[in-house]
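> Quick one: sequence and predicted model below, then my questions.
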Amino acid sequence: QLRLVESGGGLVQPGGSLRLSCTASGFVFSGYAMSWYRQAPGKKRELVAGIRRADGDIEYGDAVKGRFTIDRDDAQNTVYLEMNLLKPDDTAVYYCHAWNYGQLVYWGQGTQVTVSS
């Protein structure tokens with residue numbers, strides 16, 4: 001059964017850090033580009049960070065450059081998002097996304113990140 005399961009979300013104070021994980025099952029993880037998206041209340045879903053196959057390109061959304069880092073471990077079928085210097089504007093539901101460079105796209109259920117004092 002195909003699954004993307006996110007974890008690591010929660011409540012953090014401004015300036016703090018969180019590390020999100022997304023563990024995949026049911027497909028050949030190493031063949032997929034993996035990304036994190038987020039959606040805040042009343043806003044469109046936006047790309048946070050994406051990483052292509054293990055030796056491929058990485059891109060970041062402008063709002064998180066220099067603060068967030070994406071990484072993947074193909075042996076563990078897991079993609080990570082290290083988030084530092086968190087701001088209240090980073091508050092959103094964060095979604096894991098998998099794309100096989102063709103027509104197959106999968107989404108996780110999302111994990112809530114709340115940045116507040």
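Here it is on my side, so go on.
> helix/strand/coil for the residue nearest the centre of the chain?
Centrality entry for the chain: nearest residue to the mean C-alpha point is Trp36, 2.7 Å, by C-alpha atoms, centre = their mean. Of the three states, Trp36 takes strand under DSSP: H, G, I helix; E, B strand; the rest coil.
> Find the residue closest to it in space, skipping its chain neighbours.
Among residues not flanking Trp36 along the chain, Val48 sits closest, at 4.3 Å (C-beta to C-beta, 6 or more residues apart in numbering). Yep, even glycine has a C-beta here, placed from its N, CA and C like the rest.
> May I ask which helix or strand encompasses that neighbour?
Per DSSP states H and E, Val48 falls inside strand 46-51.
> Kindly report the same for His97.
Going by DSSP H and E, His97 is in strand 92-99.
> Quick check: chain neighbours aside, which residue is closest to Leu18?
That would be Met83: by C-beta to C-beta, 6+ apart, it lies 4.9 Å from Leu18.
> can you give me the strands in the protein?
Ranges of strands in the chain, per DSSP state E, are 3-7, 10-12, 18-25, 33-39, 46-51, 58-60, 68-73, 78-83, 92-99, 105-107, 111-115.
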